[in-house]
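Colleague: turn this into a structure:
(chains A, B, C and D)
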2 protein chains.
Amino acid sequence: MTQAKTAGRPYHHGDLRRALLAAAAEAIEEAGPAALSLRDLARRAGVSHAAPAHHFGDKAGLLTAFAAEGFELLAAALQRIWAETGSLRELGVGYVRFAVDHRAHFEVMFRPDLYHRDDPEVLAAGRRARDALRVGVAAHRPGGDEAERVDLAAWSMVHGFATLWLGGAFSEREVGDDLEAAAREVIRQVL
Amino acid sequence: MTQAKTAGRPYHHGDLRRALLAAAAEAIEEAGPAALSLRDLARRAGVSHAAPAHHFGDKAGLLTAFAAEGFELLAAALQRIWAETGSLRELGVGYVRFAVDHRAHFEVMFRPDLYHRDDPEVLAAGRRARDALRVGVAAHRPGGDEAERVDLAAWSMVHGFATLWLGGAFSEREVGDDLEAAAREVIRQVL
DNA sequence: GGCGCATCTTGTCAATGTAAAGATATGCTC
DNA sequence: GAGCATATCTTTACATTGACAAGATGCGCC
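Modeller: The predicted model follows:
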């Protein structure tokens, strides 16, 4: 027979890899990375529970690809912002904006115990994102050790702000509900 | 019979709750919170696989207690530092130091999808830690909105630095191997 | 001395990750 | 266009886990 038990479903999905990564984003946004289940992703994509293994090996393999995708997205977003505004502050706001808009990716990217941290693609994508941040600081404070320290401080700042916001650590009284406004005020403190 | 199958093990552990929390710290330091297994903790403590459920209900319950313990430890550490030095910078260094010295606790505390975020004990302990940070900023920059913004910036900064350090996001070239020195330099940027 | 209750064990079940082996489609070669 | 190698997906199976229920044990209190 040419059809599986579920009528209308072809034996070959066609674009399963992409579908699984999209399903992962959904699932993680709903319940966090800890609750992620490969079998649930397979169900969402309409394939058998063992299908994901072919594309990603194991669960960590899937999250590796997911993290790499996230770093690519972040690098692209930061490069676009820098090209359009040339503003270091906007670069920082963009970093925070990315964390909130791509919450699932962000939560996996910086949790390397969930994936294969030495995978070449993740490493390369991570470097691209990191470099996209660095150009802004280099332009703002050119030269030497000073720039290096400002760079670390700026990264720490926006990363911490994004992480705390996502974790719900800020009270309403502290930050209100306007993400970008709050981020801009905080970023101003370090520039 | 008064002995379980493993000779020498009494039926009652005596201090199982504390033993399980200690085992959790070990296990999480070894493999991260995602790989934590209640049955493994039970094995480490030398009790049956269902024993943890009595003290903590379920896995999230155990992590709730673990997070609360972490916030208590953090609050105590910060209060001690403030009392001894009265320095906002040292308060920040202490925050980073805590994250590294109590890595397992820190990694759970700010991941509320792992535990019961609305548990009264966690909420209270979290507030105590938060307040311990705030006093430093209030003393350093007294009065009004400005202090509020500096407070958020300082917290974001040290939290981001600690998180990125723990995640291995910094390269050796960027920070060297001296945690406190690197933290001090970065903190200086926001004060 | 006995009773109530907290503590811990044993047994069980559904769900999950992973591996192995088989089924099906796709594309390349001739 | 026929046949075959290979990528893709399914089925089956197994060990591990979290959670629940029911029973065993012993501590403390009257």
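
Colleague: name the element the residue in chain A that chain B sits nearest to belongs to?
Modeller: Using C-beta to the nearest C-beta, the closest approach of chain A to chain B is made by residue A:160 at 2.5 Å. From N, CA and C alone the C-beta is placed, and that goes for glycine too. Element membership for residue A:160 (DSSP states H and E) is helix A:144-166.

Colleague: so what's residue A:180 closest to, chain neighbours aside?
Modeller: Counting by C-beta to C-beta, 6 or more residues apart in numbering or on different chains, the nearest residue to residue A:180 once its immediate chain neighbours are dropped is residue A:93, at 5.6 Å.

Colleague: near the one you found, how many other residues are there?
Modeller: 22 (other C-beta atoms under 10 Å in any protein chain shown).

Colleague: okay, now the domains of chain A?
Modeller: Following automatic domain parsing, one gets these domains for chain A: A:8-57, A:58-188.

Colleague: now the first one: average pLDDT?
Modeller: Okay, so that is domain A:8-57. Across domain A:8-57, pLDDT averages out at 92.

Colleague: also stretch A:182-191?
Modeller: Throughout stretch A:182-191, pLDDT has a mean value of 89.

Colleague: next one: that stretch to chain centre, how far?
Modeller: Distance of stretch A:182-191 from the chain centroid (C-alpha atoms, centre = their mean, to the nearest Å) equals 22 Å.

Colleague: which residues does that stretch contact?
Modeller: A:88-89, A:92-93, A:96-97, A:140, A:150, A:153-154, A:157-158, A:161, A:170, A:175-176, B:149-150, B:152-153, B:156-157, B:189-190 (C-beta atoms under 8 Å, 6 or more residues apart in numbering or on different chains).

Colleague: narrow those to those that are buried.
Modeller: Among the contacts of stretch A:182-191, those scoring as buried are A:88-89, A:92-93, A:96-97, A:140, A:150, A:153-154, A:157-158, A:161, A:170, A:175, B:149-150, B:152-153, B:156-157, B:189-190 (criterion: 16 or more other C-beta atoms under 10 Å in any protein chain shown).

Colleague: tally of neighbours for residue A:44?
Modeller: By other C-beta under 10 Å, 15 other residues sit near residue A:44.

Colleague: then residue A:48?
Modeller: As a burial measure, residue A:48 scores 11 neighbours (other C-beta under 10 Å).

Colleague: cool, and residue A:182?
Modeller: For residue A:182, the neighbour count with other C-beta under 10 Å is 20.

Colleague: how about residue A:133?
Modeller: 23.

Colleague: are we agreed that it is in a helix?
Modeller: Yes. With DSSP: H, G, I helix; E, B strand; the rest coil as the criterion, residue A:133 is assigned to a helix.

Colleague: pLDDT score for it?
Modeller: 95.

Colleague: so which residues of chain A form helices?
Modeller: Residue ranges of the helices in chain A, as given by DSSP state H, are A:16-31, A:38-45, A:51-56, A:59-85, A:88-101, A:103-109, A:120-140, A:144-166, A:172-175, A:179-188.
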